[in-house]
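[1] Here is my input; please provide its structure:
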Amino acid sequence: MESKQEKHNGRRRMFRLAGLGAALGALGAGLAFRAHAQGHGFGHGPIDPARMEEHIDRMLKHLYVEIDATEEQKAKIAPIVKDAARELAPLRGKMGETRQQAVAILSAPQVDRAALEKLRADKLAMADGVSRRFTQALADLADVLTPEQRQHLAKFAARRHRWHG
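    The predicted model follows:
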C-alpha cells in the first residue's frame, strides 16, 4: 500500500512533468509560430523563407543563452526547429484559405451544410497534422536537452506565461 509521502511525491512528479511539457510546448509554439509570423500572425499569406530563417536564428540564439547550450546541442537543435518550421510554413496560407471558404459558404443564399462539414473536417485534419509534427519536434528537442535544461525551460516558460497572461 502506498504511503501518504509516496502519493505526494507521485503528484509532485506528475506536476513537474506537466510543467516540463507546458514549457516545451510554450518554447515550441514560440519558435514555430513566431517563425511564421511577419507582424500579422499565423494564417496570413506566404512567408519569405530568408526572413523566416533569420527570425529562427535570432530566436535560437536567445534559447541557447537561456539554456546554456553546448555547441553539440546547438548543432542538433537548429535542424529540429528549422525543419519543423519549414514543414509547417506552407500550412500558413491554407489556414487563410479555409477562412475564406467558410465565409463564402456562410454568405451564400443557401448554406451548404455538407460543404461546411467537409471544411470543418479538413481543418481538423490539418490541425491534427500540425499538432503531430509539432509534438515530434518537441520530443526531439527534449531528447537533446538535459533534465536540468528542461527544468530551467519549464521555469522560464512559467515566468513568461505570467508576463504575457
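[2] all helices of this structure, in order?
    Using DSSP state H, the helices of the chain run over 4-36, 49-67, 71-88, 90-107, 113-144, 147-164.
[3] how about TSV for those helices, with mean pLDDT and mean neighbour count added?
    Where C-beta positions appear, they are placed from N, C-alpha and C, glycine not excepted. Formatted as TSV, the helices of the chain follow (pLDDT from 0 to 100; neighbours: other CB atoms under 10 Å):
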stretch	mean pLDDT	mean neighbour count
helix 4-36	56	15
helix 49-67	91	15
helix 71-88	94	16
helix 90-107	85	14
helix 113-144	93	14
helix 147-164	80	14
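[4] Run through the residues that contact Glu71.
    Counting by CB atoms under 8 Å, 6 or more residues apart in numbering, Glu71 makes contact with nothing.
[5] separation between it and Gly129?
    From Glu71 across to Gly129, the span is 33 Å (CB to CB, to the nearest Å).
[6] The residue lying closest to Leu60 once chain neighbours are set aside and Lys61: what is the separation?
    Counting by CB to CB, 6 or more residues apart in numbering, Leu60 lies nearest to Ala78, which is 5.9 Å off, once chain neighbours are set aside. The spacing between Ala78 and Lys61, counted by CB to CB, is 10 Å.
[7] And Ala142, by the same measure?
    For Ala142 relative to Lys61 (CB to CB), the value is 20 Å.
[8] Touching, Val111 and Ala102? I think so.
    No - counting by CB atoms under 8 Å, Val111 sits too far from Ala102 to count as a contact (10.7 Å).
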